[in-house]
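sharing a model prediction with you, sequence too.
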Amino acid sequence: MQTANLPAIRACRPAWNKGRIVGQKRALEPQHVWAIRVRLEIAQQTRELALFNLAIDSKLRGCDLVKLKVADVYAAGQVKRRASIVQSKTRRPVSFEITERTRKAVAAWLEAPLMIGSEHLWPGRIHERQHISTRQYARLVQDWVTSIGLEPSAYGTHSMRRTKVAQIYRKTGNLRAVQLLLGHTKMDSTVRYLGIDLEDALAISESVEL
């Protein structure tokens, strides 16, 4: 009796995402922002404090944040209150505010010895590299969220981009404002980015009385 050819049995490998939280990265809550900010201030990490604050204010993608130049945020001897850049992904301009707290942090960073003669706001430490990489930025974000006890796999660089607009939407329900701040070309993109569902829409509707 012939033995049928059976498929080879392969050892099962654990799934790459086993034990990880996958999907859209969470936005930071206000208490998280304050906790990280205080830790950076106490540790006197001037560059990271400036980077963290500007990431929250600017709502930029990581690829645009790391490429910022000093001239983008600094003019006439002071940090600008508002700035505008052209996004790498869409090639469309987007504007953002720079709050007083962030202006102070950025101004302090610009006085650091590493910034002497630097064209880039976040210069790389390797001589050939003009600015920090998106991977370096991602590692910093992981360090920040881990330092306050959050699950690192639930957060990423897009958490920084989403944090402020999530609060703006919760407080105002103004999707058009969020769309403009994120530099999205389509409202559908903004809806998906915020993760808006029927419950959100009903909550906004319930808050309005006629």
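Done, it's in. Numbers count the residues shown, from 1 in each chain.

for the protein, what spans make up the strands?
Remark: strands assigned in the chain by DSSP state E are 74-75, 78-79, 82-86, 93-97.

tell me which of the ones you listed lies nearest to G173.
Each of those has some distance to G173 by CB to CB; the shortest is strand 93-97, at 19.8 Å. Backbone N, C-alpha and C define where each C-beta goes, glycine included.

what about the closest residue in space to P30 that isn't next to it in sequence, neighbour count?
Once flanking residues are discounted, P30 sits nearest to Q167: 6.9 Å by CB to CB, 6 or more residues apart in numbering. Neighbour count of Q167, defined by other CB atoms under 10 Å: 16.

dump the residue contacts of the residue positioned nearest the centre of the chain.
Centroid-nearest residue in the chain, with CA atoms, centre = their mean: M160, separated by 2.5 Å. Counting by CB atoms under 8 Å, 6 or more residues apart in numbering, M160 touches L28, F52, A55, I56, G62, L65, V141.

avg pLDDT for the biggest helix by length in the chain?
Using DSSP state H to define each element, the chain has its longest helix at helix 157-172. Helix 157-172 shows a mean pLDDT of 91.

do the same with stretch 55-73
The predicted model assigns stretch 55-73 a mean pLDDT of 97.

could you list the buried residues of it?
For stretch 55-73, the neighbour count (16 or more other CB atoms under 10 Å) marks 55-62, 64-68, 70, 72-73 as buried.

circling back: for Q24, find the nearest of the strands of the chain.
Checking the strands of the chain against Q24 by CB to CB gives strand 93-97 as the closest, at 20.6 Å.

within the sheet, what are the partner strands of the closest one, with directions?
With DSSP bridges as the test, strand 93-97 is paired with strand 82-86 (antiparallel).

what sits up against the strand it pairs with?
The contact list for strand 82-86 (CB under 8 Å, 6+ apart) reads 58, 60, 64, 68, 72-73, 92-98.

so which pair among these is furthest apart in space?
R92 and I98, at 20.0 Å, using CB to CB across the contacts of strand 82-86.

those two: who's more crowded?
Set R92 next to I98 and count neighbours by other CB under 10 Å: I98 wins out with 20 against 10.

so what's E48 up against?
Counting by CB under 8 Å, 6+ apart, E48 makes contact with L40, L140, W144.

appreciated, that's everything.
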